[in-house]
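# sequence below, structure please.
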Amino acid sequence: MEGLGSLPIYIIGAGGIVNDAHLPAYTIAGFNVQGIFDIDVEKAKATAEKFSIPSSYTSLPEMIAAAPVNAVFDMAVPGSQTVSVLKQLPDGAAVLLQKPMGENLEEAKAILALVKEKNITAAVNFQLRYAPYILVAKKLIADGSIGAINDIEVNVNVFTPWHLWNFLNDAPRVEILYHSIHYIDLVRNLLGNPKSVYAKTTKHPSMAQLASVRSNIILNYGEMIAANILTNHCHNYGTPKQQSYIKIEGSKGAIKINFGALIDYPRGAADSFEYVLLEEGKAPEWKKMEVEGSWFPHAFIGSMEQVLLAASGKIKKADNSVEDCIYTMACVEAAYKSSEGGGTPAVV
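Residues are numbered from 1 along each chain as shown. Modelled structure (predicted):
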């Protein structure tokens, strides 16, 4: 990250995710946050004071006018507000968009078109790609340690307090768009774009006011690779049987990551990283590896780092660019269409 700390960051939004993840991550990384705005002016002031941010602003136009030409904007606003905020940013700006990239694929396409029209360097905060344990897994994959991937499974069985995000009460889409989207993006990041998507996403009696809160998603990569995502956010039976893991199997080994951020949320639990490498003539032996850092807040370093690298010209395009992430949104749209279309009737 050498040299990236000089680019000034201006944050739009001072909500929980900014206070709990963005700013703690930027503090760890030594990023140069210079300003913050929120429609709740007092909230912006309090966040600025908490994280020693030099300036808080009473309006977005005021902040944009004060920001220098090389400013990087961090937009932590709901997807439905993305287009309206983007339109106000200066042409040629650099920006990190909060996920999702709009509320649906149509909005995602509009965002992509607007970014191109305004020549904006834009990326999306799909930060699970950059969680410390995912970076370690990527190294084991890249150096050939576990061989060719043939199976990825994400399994989440937790109780999520959705009431912490009031805007979701009226949202037509919840679980896939605001949660499993991370896993879809991760699988894409590891395997590329799938051939097709199968899915069923469902509501739950205890959370009847919300749209679907449980999902089964299959990403189709052909006959030799399985990619499955199973999520249940309604396991309100204590923590003993709650679980959240990512399992990656290859021809020469496997990885299992237990990520604790979702257990007893927002308190969380410890992560663990285990792996096994097959050796001829030896029984498989799983080993544990200590990995420093977690999804929250450390993964948020990687998302912003990609924007800073692109804005400074050190890389041509961010790994999490809107041009790449539009395909994550396409997979999300396909999942909802699959769910609405239903399965094949079992008839005799």
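# what's the distance between the residue nearest in space to the middle of the chain and residue 269?
Closest residue to the average C-alpha location of the chain: residue 126 at 2.9 Å, with C-alpha atoms, centre = their mean. Per C-beta to C-beta, to the nearest Å, residue 126 is found 23 Å from residue 269. Placement of C-beta: from N, CA and C, glycine included.
# check residue 146 too.
As judged by C-beta to C-beta, residue 146 and residue 269 stand 25 Å apart.
# more neighbours: those two, which one.
Set residue 146 next to residue 269 and count neighbours by other C-beta atoms under 10 Å: residue 146 wins out with 22 against 18.
# restricting to C-alpha, output the helix or strand that contains residue 106 in PDB.
Following DSSP states H and E, one finds residue 106 within helix 105-117. Taking Å, rounded to 0.1, in the frame of the first residue of the first chain, the C-alpha atoms of helix 105-117 are listed here in PDB:
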ATOM      1  CA  LEU A 105     -29.700  -5.700 -12.800                       C
ATOM      2  CA  GLU A 106     -31.500  -2.800 -14.600                       C
ATOM      3  CA  GLU A 107     -30.100  -0.400 -12.000                       C
ATOM      4  CA  ALA A 108     -26.700  -2.000 -12.200                       C
ATOM      5  CA  LYS A 109     -26.700  -1.400 -16.000                       C
ATOM      6  CA  ALA A 110     -27.700   2.200 -15.400                       C
ATOM      7  CA  ILE A 111     -24.800   2.600 -12.900                       C
ATOM      8  CA  LEU A 112     -22.300   1.100 -15.400                       C
ATOM      9  CA  ALA A 113     -23.500   3.400 -18.200                       C
ATOM     10  CA  LEU A 114     -23.300   6.500 -16.000                       C
ATOM     11  CA  VAL A 115     -19.800   5.600 -14.800                       C
ATOM     12  CA  LYS A 116     -18.700   5.200 -18.400                       C
ATOM     13  CA  GLU A 117     -20.400   8.500 -19.400                       C
END
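# what residues does the next helix-or-strand element following that helix touch?
Counting by DSSP H and E, the next helix or strand C-terminal to helix 105-117 is strand 121-124. Residues outside strand 121-124 that contact it (C-beta atoms under 8 Å, 6 or more residues apart in numbering) are 86, 93-101, 111, 115, 303, 306-307, 310-311, 318-322, 325, 328.
# then stretch 272-279?
With contacts defined as C-beta under 8 Å, 6+ apart, stretch 272-279 is touched by 133, 136-137, 140, 145-146, 252-258, 284-291.
# same question, stretch 36-56
10-15, 18-19, 23, 27, 33-35, 57-60, 62-63, 66.
# where along the stretch 101-250 of the chain do the strands fall?
121-124, 149-157, 196-202, 214-220, 226-232, 243-250 (DSSP state E, counting those that start in this stretch).
# winner for burial among those strands?
Counting by mean count of other C-beta atoms under 10 Å, strand 121-124 has the highest mean neighbour count of those, with a mean of 27.
# tell me how far that strand is from the chain's mean position?
The chain centre lies 13 Å from the centre of strand 121-124; the measure is C-alpha atoms, centre = their mean, to the nearest Å.
# so that it lines up with my notes, have the first residue be 586 from now on.
Happy to do that; since the first residue is 586 now, the last one works out to strand 706-709.
# average pLDDT across that strand?
For strand 706-709, the mean per-residue pLDDT is 98.
# next one: stretch 622-633
98.
# list the buried ones in that stretch?
By 16 or more other C-beta atoms under 10 Å, the buried positions in stretch 622-633 come out as 622-623, 628-630, 632-633.
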